[in-house]
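Asker: quick one, what's the 3D model for this:
(chains A and B)
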Amino acid sequence: MDTTASYFLPPQSSTIAPEVDALFYFILYMSVAFMIIIYGGVGYLAWKYRRRGEQKLTDPLDQNHGLEIAWTVIPSLLVVAIFAWGFKTYMTMNVVPRNAIEVKVTAQMWFWSFDYPSGANTVGELVAPVDQPIKLLMSSQDVLHSFYVPDFRVKMDVIPNRYTVLWFEATRVGEYNLFCTEYCGKGHSEMLGKVKVLSDADYRKWLESQGDDPSIPLPELGAKLFKSRACVTCHTTDGSKGTGPSFKGIFGKLAGVAAAPNQVVDENYIRESILNPQAKIVAGFDPVMPTYQGILKDRQIDAMVAYIKSLQ
Amino acid sequence: MNTLPATSYLNDPKGLKSWLLTKDHKRIGVMYLIAILFFFVLGGAIALIMRLELFRPGQQFMDAKTYNQLFTLHGAIMVFLFIIPSIPAAIGNFVIPLQIGAKDVAFPRLNLASWYIYVLGALFCVYSLISGAADTGWTFYTPYSVTTSTSVISMTIGAFILGFSSIFTGLNFIVTVHKLRAPGMTWFNMPLFIWGMYATAIIQVLATPVLAITLLMLVLERAVGIGIFDPAMGGDPVLFQHFFWFYSHPAVYIMILPGMAIISELIPAFAHKRIFGYRAIAYSSVGLALLSFIVWGHHMFTSGQSELAAVVFSFLTFSVGIPSAVKVFNWMSTLYRGSISFNTPMLYALAFLFLFTIGGLTGIFLGALSIDIHLHDTYFVVAHFHYVMMGGTVIALLGALHYWWPKIWGRMYNEFWAKISFALIFVGFNATFLPQFVMGAQGMPRRYFNYLDQYQPYHAFSSVGALILGLGFLIMIFYLTHAARKGRPAGDNPWGALTMEWFTTSPPPHHNFNEEPKVTHGPYDYDQVLAPITIESEYSRVKR
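Answerer: Now for the predicted structure:
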């Protein structure tokens, strides 16, 4: 059982999480105190002064300056304190430490891709070393998205044609959920990712191992890419319809493109559909797939072709 | 035994045409009431369908696109077609002239025009619904709203048109309150409902044009690609959010101020007690109306707006909390030394205090910058605004419906079924939305068709709550419609209340008052005036 998780909040896995949570619980306890005062007061007064079967004239009392000043001034002081506390942590969240590693984040419908300083890139999974500030320089290829890791208490919108910045320092090795929290269309709730936090040694090992192992057979590599490059968000391999067509048993058959009824799913059609997805859309599907130009290398496209061939 | 007056605004004159061409504020209020309740039921049914889909993760009986269209429709219908016009246009129209002792509003023709404009706007929204409903969320954020293939334009034009009906209503109320008060009704002799509606009207008139401009720009962006919000053409998608919330935050106060205005009537009327802190409540309504214009940026703490802007907006946001807290304490203190009855409207008023307190306090979490970063766009926000909008405004509206139902129709509803329905709604509401605070704090994002298994218990609980809530409303539909036609006559003043609408017949005559209304006592002079309760109940006996 995770000791930093609580009934209300997920585990604390970044340096700022405890600061955020402290204020959360301060407001929570303050709220409970106010609820006791208000519910207790309303309940007690309503019961005590309930009408007991007869109408009568009531007390003319309708003001009390002492009380009124108290219930204006005390809440005012409390909210100013809460503002200042929230402001302080917010500034920490917004000032990126100088020694941060910078990772470029690209969001598009409906997956995340990450480019590391070493030249490595990943899709759907951000790999980061523990106890090391990471700066994310983020932009979107299409609509608004938002990068959110609940366990780190960080969130920032990702916008087209402009960079936004977010930083975090993970305090524990592990895997953390990454959500898109700005509505971005049909696949919004499938735009999930992971942040994989590794120990420093494992992170170095991982960086060195980047680049595809040429000994993996093409269909097997394709199966890996199908998951790691987020094809799985929209396509299935069991014949059921997703946001895009299923890959099962389509190779060699008619693609079903309205504008090109004779188009067969062959090697070139698959390649075109990966690099220029809008060119020949299968009838009944929306033209929403982003291009993988620059994301998949030639051998990886070969692998995808081989993988789709294998799904008979 | 009470009898109904032979002629009232309901049957004088007779005929459908006399209703459709009426300039009587009471009839227009009733026509608005029917329209908004229709859309409330529609929006509620959509919510229920969504909750059933969300009972378990993965697809149950609709696909992601349909789900996205439904949450957009739910939001757009509830905000633009229901809650914004609800209390002002339906209840306000009926009650304001009666409460200030006027024959009608200042511009009766404009009033009728506003209803027809509302219907026209509604038709555009319904057209969007049946022609590939928009899937943008009710916030229409760019660039998604510019690129999606669904019918965004008809929905935005619908909301654009609806804005004008809101402006007309607001304009009418401002002039009515200034010019048509009965002799002797000074500003500080007005019922607090009038103060609240007046403050609301100011926002309606000043803020709604900004929405109109914003939606028009969005339509142009989609239709001809003018590029105001398109970064590739030098525009800025975040600018849309500034425009949108510049209206839509004040709009939150168009929604909640009328709710507060109703509670300020219900509590003294059922406590038979002078309202505590009259001036504080009146000023805080106007104060909230003005402050509501300068806090819009708190919807955008993670949008990429400057840190300085975020800090300023956070600070200003907290200032809104104070007038709200002052009101709650005043309402609570009004109970002190009262003579409190627990008729259904009072139960709704007490429920409002309970739920609005949660809605307000959870707003403090969201106003604090560091916490909002974590909670923004999660179910915590969904729960927060439902506690304010539904736990606040809708609960107040239900209180108002039960309070003025005998005045509108002259007939009383069944108190037993009203209390059963109240209990179901109260329990169902909390069961629906309390778990959403927890799952939101645990990180569950909003607008998600599918979700991780870890959130399933909260979702399931919430869905069961929604069913209970739905049952409560179903019962209400039955007993309220039955009461309107066949309930026992209620008499002029079934609550022994002191505002002026209770000193004319139920239902009121065409011109509101049979004699020239005179202000002989203040709206809350329960220490001086004893108005006999005209309907028999456990609370209606006068001291022997």
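Asker: helix or strand for residue B:326, which one?
Answerer: Applying DSSP states H and E as the criterion places residue B:326 in helix B:307-334.
Asker: for that helix, packing partners?
Answerer: In terms of contacts (3 or more Cβ pairs under 8 Å, 6 or more residues apart in numbering or on different chains; DSSP states H and E), helix B:307-334 is packed against helix A:17-48, helix A:65-94, helix B:237-271, helix B:278-291, helix B:344-367, helix B:369-375. Backbone N, C-alpha and C define where each C-beta goes, glycine included.
Asker: and that helix, how far from the chain's centre?
Answerer: Centroid separation for helix B:307-334 versus its chain: 20 Å, with Cα atoms, centre = their mean, to the nearest Å.
Asker: now do it, average pLDDT.
Answerer: Averaging pLDDT along helix B:307-334 yields 95.
Asker: compute the inter-axis angle for that helix and helix B:237-271.
Answerer: With axes from the mean of the first three to the mean of the last three Cα atoms, to 10 degrees applied, the angle from helix B:307-334 to helix B:237-271 works out at 10 degrees.
Asker: and helix B:307-334, which residues are buried?
Answerer: Using 16 or more other Cβ atoms under 10 Å in any protein chain shown as the test for burial, helix B:307-334 gives B:310-311, B:313-334.
Asker: what's the answer for stretch B:91-108, then?
Answerer: B:91-108.
Asker: just the CA trace of it, in PDB.
Answerer: The C-alpha trace of stretch B:91-108 is given here as PDB (Å, rounded to 0.1, in the frame of the first residue of the first chain):
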ATOM      1  CA  ILE B  91     -39.900  33.400 -12.200                       C
ATOM      2  CA  GLY B  92     -38.700  36.900 -12.500                       C
ATOM      3  CA  ASN B  93     -41.100  37.800 -15.200                       C
ATOM      4  CA  PHE B  94     -44.000  36.500 -13.100                       C
ATOM      5  CA  VAL B  95     -43.000  37.800  -9.700                       C
ATOM      6  CA  ILE B  96     -41.100  41.200 -10.200                       C
ATOM      7  CA  PRO B  97     -44.100  43.400 -11.200                       C
ATOM      8  CA  LEU B  98     -46.300  41.700  -8.500                       C
ATOM      9  CA  GLN B  99     -43.700  42.300  -5.800                       C
ATOM     10  CA  ILE B 100     -43.100  45.900  -6.600                       C
ATOM     11  CA  GLY B 101     -46.800  46.600  -7.000                       C
ATOM     12  CA  ALA B 102     -46.700  47.300 -10.800                       C
ATOM     13  CA  LYS B 103     -49.200  46.300 -13.500                       C
ATOM     14  CA  ASP B 104     -46.600  44.900 -15.800                       C
ATOM     15  CA  VAL B 105     -43.000  45.300 -16.800                       C
ATOM     16  CA  ALA B 106     -41.800  48.500 -18.400                       C
ATOM     17  CA  PHE B 107     -41.700  47.200 -22.000                       C
ATOM     18  CA  PRO B 108     -44.400  44.500 -22.400                       C
END
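Asker: follow-up on the earlier one: which members of the buried residues of stretch B:91-108 occur in helices, if any?
Answerer: Using DSSP state H to define helices, the subset of the buried residues of stretch B:91-108 located there is B:93-99, B:108.
Asker: what residue in chain B comes nearest to chain A?
Answerer: residue B:443 (2.8 Å; Cβ to the nearest Cβ).
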